[in-house]
Every structure is written in structure tokens, then in C-alpha cells.
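Student: Predicted coordinates and the sequence they were generated for:
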Amino acid sequence: MIRSRIIVIVVVISGLFLASCGGKKRYAALQMQHQDLTERYQQSQMELAESRTNVKNLEEQLAIERKNNASLREALKRLQGTLDMSINQNTQGNVNISKLVDEINASNRYIQHLVNTKNKSDSLNLVLTNNLTRSLSREELRDVDVKVLKGVVYISLSDNMLYRSGSYEISDRAGETLSKIAKIIQDYREYDVLIEGNTDTDPISQKNIRNNWDLSVLRASSVVQALQNQYGVEPKRLTAGGRGEYNPIADNTTPDGKARNRRTQIIITPKLDQFMELIDKAPETTTETEIPAQNGVVEPEF
């Protein structure tokens with residue numbers, strides 16, 4: 001009888017022990033799943049913030065373009081007013097209408113030329129941006145921002161991807177991305193290349209690095225030497241510079257803002273004659289259509 005009770009007690013204790021082990025495993029699995037979901041959520045929030053910033057920049061550019069078009073329309077309105085005034089005075093023999101119409105038409109053609117040149121420049125920027133980014137993977141594009149403004153190529157690299165933590169030495173991870181950027185630079189062999197380092201406002205405390213000015217220049221110099229020694233970029237085209245913490249693109253009071261400010265920019269700049277040549281080769285987005293108006297005046301098309 002006593003032996004049977006002992007056996008029952010042993011069985012019960014074993015069952016409780018196995019149940020406890022199973023619960024711990026399930027708890028550990030749920031904890032890992034929760035951590036994974038948390039990391040995904042944080043990543044999505046960062047991507048959303050970046051997307052919102054890009055949208056804001058595009059909206060600002062659109063507002064500038066609308067303002068420029070409004071100025072052109074106002075200039076045309078003033079010219080039309082001058083013509084109307086001249087027509088009203090024609091009865092008194094004070095104005096040569098034919099000559100005035102020719103002058104206004106010449107002015108309108110010049111305005112149309114400016115509009116078409118601006119459209120061709122925008123098309124050039126779009127084509128260059130697409131050509132420059134198509135070789136970069138989606139993961140690389142998270143750490144690399146490529147923009148083309150007025151024929152100048154701006155390639156911004158985050159320090160997390162480019163450098164070892166707290167250092168100006170190039171990381172192993174950056175090699176593949178730098179090789180693609182070096183190919184872009186080699187495709188534009190006649191252009192000058194400025195490598196510009198930027199930091200956040202956190203002070204640096206390392207031996208032989210006095211401040212963020214030193215750190216930004218040293219990081220730019222590391223990229224210049226990598227482009228020259230590892231990827232064969234001609235050194236006379238390269239310039240290394242640093243702007244320290246004094247060229248921020250985001251608020252330095254938040255971790256995300258500081259991360260955006262810690263960057264290195266590669267700026268590929270054509271000379272003036274090269275830029276004008278690019279403008280001439282850009283695809284047409286509008287045609288120079290002249291619309292006859294009243295009194296023989298040709299109005300530019302916007």
C-alpha cells in the first residue's frame with residue numbers, strides 16, 4: 001500500500017516537472033517572437049519617417065517651380081499690357097505697332113526658350129538619377145541617397161554603412177557599395193569629385209582627433225584614398241573636405257536626426273561647358289510651340 005502511494009507521488013511530480021519545462025520553452029519562443037515583431041515595427045517607423053521627409057522635399061520643390069511659372073506668366077502679362085497701351089496710342093501716331101510686335105514676339109520666344117531649357121534640365125536630372133541608382137540594391141538604398149540637382153550628382157552615404165563604429169576607417173561592409181559608386185565616378189571621367197564629411201554635434205574623444213572638424217575631414221580622406229587605391233579613380237579629380245557638425249540636414253536633438261547628419265557626401269560636379277552640353281543632350285519634354293494671338297503677337301507655351 002505504501003509502495004503504491006510512493007509510485008503515484010513520483011508520477012505526479014514527474015508530470016509537473018515535464019509541464020514546467022514545456023511552459024518555459026513556449027514562453028521563450030513567444031518572447032523571441034515579440035522581440036522580432038518589435039524590431040520590425042521600429043524599422044518600419046524609420047522607413048516611414050524617411051518617406052515623409054522625401055515627400056516634404058518634393059512638395060517644397062514643387063512650390064518653387066510653381067512660383068517660377070507664376071513669375072514668367074506675370075512677365076508675359078506686363079508685355080501684353082505694354083502692347084495694349086501702344087495699340088491705344090496708335091491713333092495719335094505715337095508708336096510703330098509693327099516694330100513693337102516684333103520686339104514682344106522676340107521677348108516671348110526668349111521666355112519660351114527659358115521654359116524649354118528648364119524642362120530639359122529637369123529631364124536630365126531624372127534620367128541621371130535613374131541611371132545612378134539602378135545598380136544599387138534595395139538594402140543599399142537605405143544607406144545611400146542619390147540626387148541630381150542642376151547637373152550636379154550628390155551621393156550621400158550613412159556612417160553606419162561606411163565606417164567602423166567610432167572610427168574613420170572604412171568598414172568591410174562598405175566595400176561592395178563603394179565599388180559601385182566608383183564605377184559611377186569612372187563613368188563621368190571628366191567631372192571633378194568632392195568628398196565631404198559631416199558629423200552630428202556629439203563631441204569626439206579620441207587620441208589624435210581634436211574635434212568633429214578633424215573627424216569629418218579624416219573620414220572624407222579615407223573615402224578618397226579608398227577610391228584612389230582600391231578602385232583606380234584618378235587622384236587629381238578628387239578633393240577631400242569636412243564640414244564638421246555645421247552642415248546638418250536634420251535636428252541634432254534626436255537619435256534619428258543625429259544618424260542622418262552623420263554622413264559622407266560624394267559630389268560629382270561637371271564644369272560649366274560640360275553642363276551646357278548635357279542640357280543640349282537631354283530628352284525633350286516640351287516642344288517650342290508658338291501660338292498666334294490677337295494683333296499678331298506670338299505667346300509662349302508653358
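Tutor: Here it is on my side, so go on. Numbering: from 1, shown residues only.

Student: Going by residue numbers, what spans are helices in the stretch 151-300 of the chain?
Tutor: Secondary structure of the stretch 151-300 of the chain (DSSP state H, counting those that start in this stretch): helices at 159-162, 175-187, 212-229, 255-261, 272-281.

Student: Turn those into a markdown table, including distance to Asp202, mean neighbour count and mean pLDDT.
Tutor: Every C-beta, even on glycine, is put in place using the N, C-alpha and C of the backbone. Below are the helices of the stretch 151-300 of the chain laid out as a markdown table (distance: least, Cβ to Cβ, whole Å; neighbours: other Cβ atoms under 10 Å; pLDDT from 0 to 100):
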| stretch | distance to Asp202 | mean neighbour count | mean pLDDT |
| --- | --- | --- | --- |
| helix 159-162 | 12 | 21 | 86 |
| helix 175-187 | 25 | 16 | 84 |
| helix 212-229 | 8 | 21 | 95 |
| helix 255-261 | 7 | 16 | 93 |
| helix 272-281 | 38 | 12 | 52 |
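
Student: which ones are touching the residue lying closest to Leu227 once chain neighbours are set aside?
Tutor: Nearest residue to Leu227, sequence neighbours excluded (Cβ to Cβ, 6 or more residues apart in numbering): Val233, at 4.2 Å. By Cβ atoms under 8 Å, 6 or more residues apart in numbering, the contact set of Val233 is Ala182, Ile185, Gln186, Val193, Leu227.

Student: wait, doesn't Leu194 sit right on Gly241?
Tutor: Yes. Counting by Cβ atoms under 8 Å, Gly241 is a contact partner of Leu194 at 6.3 Å.

Student: quick one, which of those two is more surrounded?
Tutor: Leu194 (18 against 15; other Cβ atoms under 10 Å).

Student: Please name the residues that touch that one.
Tutor: Leu194 touches Thr239, Gly241, Gln265, Ile266, Ile267, Thr269, counting by Cβ under 8 Å, 6+ apart.

Student: Next one: the second one, what pLDDT does it get?
Tutor: Put plainly, it is Gly241. Here, the pLDDT recorded for Gly241 equals 96.

Student: now do the fifth one
Tutor: As summarised for this prediction, Ile267 has a pLDDT of 92.

Student: ok, and the closest non-adjacent residue to it?
Tutor: Nearest to Ile267 is Leu194, by Cβ to Cβ, 6+ apart, at 4.3 Å.

Student: Worst mean pLDDT across the helices and strands of the chain, which element?
Tutor: Lowest on mean pLDDT, DSSP states H and E among the helices and strands of the chain sits strand 291-292, with a mean of 40.

Student: Where does the prediction get shaky in the stretch 1-150 of the chain?
Tutor: Within the stretch 1-150 of the chain, the ranges that satisfy pLDDT under 70 run 1-23, 86-100, 107, 110, 112-141, 150.
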